[in-house]
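Visitor: Take a look and give me a structure for this.
(2 chains)
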Number of protein chains: 2
Amino acid sequence: MQRFVNDPDLIVEDMLSGFVKANPETELSDKNDRVIKFTKASNTDKVGLVTGGGSGHEPAFLGYLGDGLLDAVAVGEVFSSPPAQAFYDAILEADKGKGVAILFGNYAGDNMNVKMAVQMADEEDIPVKYIVANDDIASSPKETKEKRHGIAGGFFMWKAGGARAALGGSIDEVIKSAENIVNKTRSICIGLSPCTIPAVGKPNFQIEDGTMETGVGHHGEAGIKKEKLKTANGIAEDITGRILEDFAFNDKRELAVMISGLGSTPVMELYVLYNKVEKILKDKGHKIYKVYIGNFVTSLDMNGASLTIVDLDDEIKDLLEFPASPVGMKNY
Amino acid sequence: MQRFVNDPDLIVEDMLSGFVKANPETELSDKNDRVIKFTKASNTDKVGLVTGGGSGHEPAFLGYLGDGLLDAVAVGEVFSSPPAQAFYDAILEADKGKGVAILFGNYAGDNMNVKMAVQMADEEDIPVKYIVANDDIASSPKETKEKRHGIAGGFFMWKAGGARAALGGSIDEVIKSAENIVNKTRSICIGLSPCTIPAVGKPNFQIEDGTMETGVGHHGEAGIKKEKLKTANGIAEDITGRILEDFAFNDKRELAVMISGLGSTPVMELYVLYNKVEKILKDKGHKIYKVYIGNFVTSLDMNGASLTIVDLDDEIKDLLEFPASPVGMKNY
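Guide: Numbering: from 1, shown residues only, chains lettered A, B, ... in the order given. As a prediction, the model looks like this:
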């Protein structure tokens, strides 16, 4: 395993220690060393925003702490949900007296632990509500959309919820804005090569050379199709088509488009994919309002990419334009 | 080869086409389809800034177009210098009547082509000066520092030169500010796995599993040592020590530190490295003023990282704080 690691079982501790040193506007919580908080908020008179999830998806989740985004993050082991106590302690850190909204991705462990944390907060009379991202169209059919996992589309949920909170929205308003964008966001992944959890030391699933896996999950969850590796244009056609079919638009729409690398994909290839995605969407008469190309939500060293499309409305456009300063992506 | 690619010989064309679509504040030059320019400068009454180099290092070079940074970029094939004509056409695009500064990395092909382009500009009476980044301490001994290659430290040269130009500096002032930071910037790479040029289809050098290559170049140039893979802390000690030895500080300094992934390195591991680099620098009494963690200058899908340290002075600190908006890193 060719990795920068000390004790593989302590990689999350080492990462967090380095992260807070590199980002002095963040701190580990005194209550819980798996909770990290944003300490330099320019406005604290607002609803607190919390997320959490397994590690290995950096810059998600902790990189999205910052003004206009998240206030506290519960950090799990690699690809594992943080415990309920971590979500609860993140709630305590994020609460500035106006309550807390938890915006997280739909996975069984996270769901269970967030619900327990909300119960703990209820007992302390801290107002908390939550919403889950479920943008991964490959993870469950449309009829059971509520079972779909959250992948890169979570970024848009944090962005909209974070902006609404910064604009002075109540918990209900934050949840409503986040829910609106969640309902209008669809993603799908293509996997070209698997990833390796450092403590395991070998890939936790396989993608044979010369093949690709459409709809692979961020932790190697089985996709919907394994087939011969297509050209970039062929892949772009397939995944854009699948998302458009899921949306089933009956008019020409205004869209935001994100292509995120999964960890080991050269950035140049994300632009190669976008070149075709853009053509397909324009040829169908859709307008592209905003484009996001880069590594937004990754899976360790997985080779692959996710395509996310957001069906915009005026509210979403305003919230996407609201300034945000993620601590993990700065100093350019 | 598990890649998102159409015709591997046309990957640069496909990338550029996607790049300008994703970044509507950029355009391909009418003069040359391997020149890309920033079209939405908030201030055009300034010295133009040009760079260029081979593709495969994204977000460098074209992602650093933008306010406070570059005005035009000459784009080469993967890992190959752009021709002199491309540098010349980039000069024409960047020149707004106040002349042009070319800030590029020290490689034989780029050097030759930039010099030819400067000659062409001289014949047209366009004032042009240039400076090369030579931060890679592994590429030549200290006694022949002028032979060293430019790697991630080029970022700081663009940042300082870009800020000086935006502040209204003359060509000479831009070159002087860029030269000051070039002289105070040192980098070194660690390679863990090689990269593959799409048109070649197999790695162009080898790093055996279980080993690492200290000082490997951004195109697989031989490093200074191949040895058994160390822990992240062991690697951090080695590379930080090598840079400090090269600087040979005789007092406690204020520093900027960048750790850039080379393409397929999980971001979490960059923080693991930084955790130790910070400790070493602090233990020696140095102060860390600003930290840059992410993928700033890459080498396709190479697994590895570069460490860059900048020895700060008041001028450099001011220039690093000057706002910049790289088009390739936005919409967070």
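Visitor: Skipping its backbone neighbours, what lies nearest the spatially most central residue of chain A in space?
Guide: Taking CA atoms, centre = their mean as the criterion, A:Gly154 is the residue nearest the geometric centre of chain A, at 3.6 Å. Of all residues not flanking A:Gly154 in the chain, A:Ala133 sits nearest, at 4.1 Å (CB to CB, 6 or more residues apart in numbering or on different chains). Using the backbone N, CA and C atoms, a C-beta is placed for each residue, glycine as well.
Visitor: ok, now A:Val47?
Guide: A:Ala165 (4.5 Å).
Visitor: Please name the residues that touch A:Ala152.
Guide: A:Ala152 makes contact with A:Asp135, A:Ser187, A:Met258, A:Ser260, A:Phe296, A:Val297, A:Ser306, A:Thr308 under the criterion CB atoms under 8 Å, 6 or more residues apart in numbering or on different chains.
Visitor: How confident is the prediction for it, by pLDDT?
Guide: Here, the pLDDT recorded for A:Ala152 equals 98.
Visitor: Quick check: the gap between it and A:Gly191.
Guide: 14 Å (CB to CB, to the nearest Å).
Visitor: just A:Ser81 next, same as before
Guide: Distance, A:Ser81 to A:Gly191, by CB to CB: 22 Å.
Visitor: Could you check which of the two has the larger neighbour count?
Guide: Legend: neighbour count by other CB atoms under 10 Å in any protein chain shown for A:Ser81 and A:Gly191, higher for A:Gly191 (28 against 23).
Visitor: On the secondary structure side, give me the element for the more buried one.
Guide: strand A:185-193 (DSSP states H and E).
Visitor: Ramachandran coordinates for the residue nearest to A:Asn6 when sequence neighbours are not counted?
Guide: Computed as CB to CB, 6+ apart, the closest residue to A:Asn6 that is not its neighbour in sequence is B:Thr231, at 4.7 Å. Backbone torsions of B:Thr231, given as degrees, to the nearest 10, read phi -70, psi 160.
Visitor: Correct me if wrong: B:Thr231 contacts A:Arg3.
Guide: No: B:Thr231 is beyond contact range of A:Arg3, at 10.0 Å (criterion: CB atoms under 8 Å).
Visitor: ok, these two, which is more surrounded?
Guide: A side-by-side neighbour count of B:Thr231 and A:Arg3, using other CB under 10 Å, places A:Arg3 first with 21 against 14.
Visitor: if I've got this straight, that one is in a helix?
Guide: No: under DSSP: H, G, I helix; E, B strand; the rest coil, A:Arg3 falls outside any helix and is assigned coil.
Visitor: residues contacting it?
Guide: Taking CB under 8 Å, 6+ apart, we find A:Arg3 in contact with A:Thr196, A:Pro198, B:Leu192, B:Pro266, B:Glu269.
Visitor: can we see that at 6 Å?
Guide: A:Arg3 sits next to A:Pro198 when contact means CB atoms under 6 Å, 6 or more residues apart in numbering or on different chains.
Visitor: State the distance from the residue nearest to A:Asn6 to A:Ala94.
Guide: Relative to A:Ala94, and taking CB to CB, B:Thr231 is found at 35 Å.
Visitor: quick one on the thing from earlier: now, the contacts of A:Ala152 that are in strands?
Guide: Judged by DSSP state E, the subset of those located in strands is A:Ser187, A:Met258, A:Ser260, A:Ser306, A:Thr308.
Visitor: quick revisit: hang on, isn't the residue nearest to A:Gly154 packed against A:Ile151?
Guide: No: at 7.7 Å, A:Ala133 does not count as touching A:Ile151 under the criterion of CB atoms under 6 Å.
Visitor: What residue spans form the domains of chain A?
Guide: A:10-183, A:185-320 (the TED database).
Visitor: how far does the longest one stretch from start to finish?
Guide: Looking at domain A:10-183, the gap from its leading to its trailing residue is 37 Å under the measure CA to CA, to the nearest Å.
Visitor: How about the secondary structure of A:Tyr274?
Guide: Secondary structure, three-state DSSP: A:Tyr274 is helix.
Visitor: Identify the residues contacting it.
Guide: Residues counted as contacts of A:Tyr274 (CB under 6 Å, 6+ apart) are A:Ile259, A:Ile293, B:Gly18, B:Ala22.
Visitor: Tell me if A:Phe19 really is in a helix.
Guide: Yes: counting by three-state DSSP, A:Phe19 is found in a helix.
Visitor: from what I can see it touches B:Tyr271, true?
Guide: Yes: contact criterion CB under 6 Å: A:Phe19 and B:Tyr271 qualify, at 4.8 Å.
Visitor: what's the overlap in contacts for those two?
Guide: Contacts common to A:Phe19 and B:Tyr271, judged by CB under 6 Å, 6+ apart, are absent.
Visitor: after the helix or strand harbouring A:Ala117, next one along is what?
Guide: According to DSSP H and E, A:Ala117 maps onto helix A:108-123. Going down the chain from helix A:108-123, the next helix or strand is strand A:128-133, by DSSP H and E.
Visitor: what residues does that next one touch?
Guide: Counting by CB under 6 Å, 6+ apart, A:91, A:100-106, A:114, A:118, A:121, A:150, A:153-154, A:157, A:171, A:175, A:178-179, A:182 sit against strand A:128-133.
Visitor: Just the angle for it relative to strand A:185-193, thanks.
Guide: Angle, strand A:128-133 to strand A:185-193, by axes from the mean of the first three to the mean of the last three CA atoms, to 10 degrees: 60 degrees.
Visitor: partners of strand A:128-133, with directions?
Guide: Strand A:128-133 pairs in its sheet with strand A:100-105 (parallel), by DSSP bridges.
Visitor: Run the chain-centre distance for the partner strand.
Guide: Counting by CA atoms, centre = their mean, to the nearest Å, strand A:100-105 is centred 11 Å from the centre of its parent chain.
Visitor: got the buried residues for that strand?
Guide: A:Val100, A:Ala101, A:Ile102, A:Leu103, A:Phe104, A:Gly105 (16 or more other CB atoms under 10 Å in any protein chain shown).
Visitor: cool, stretch A:158-169 as well?
Guide: By neighbour count on 16+ other CB under 10 Å, the buried set for stretch A:158-169 is A:Trp158, A:Lys159, A:Ala160, A:Gly161, A:Gly162, A:Ala163, A:Arg164, A:Ala165, A:Ala166, A:Leu167, A:Gly169.
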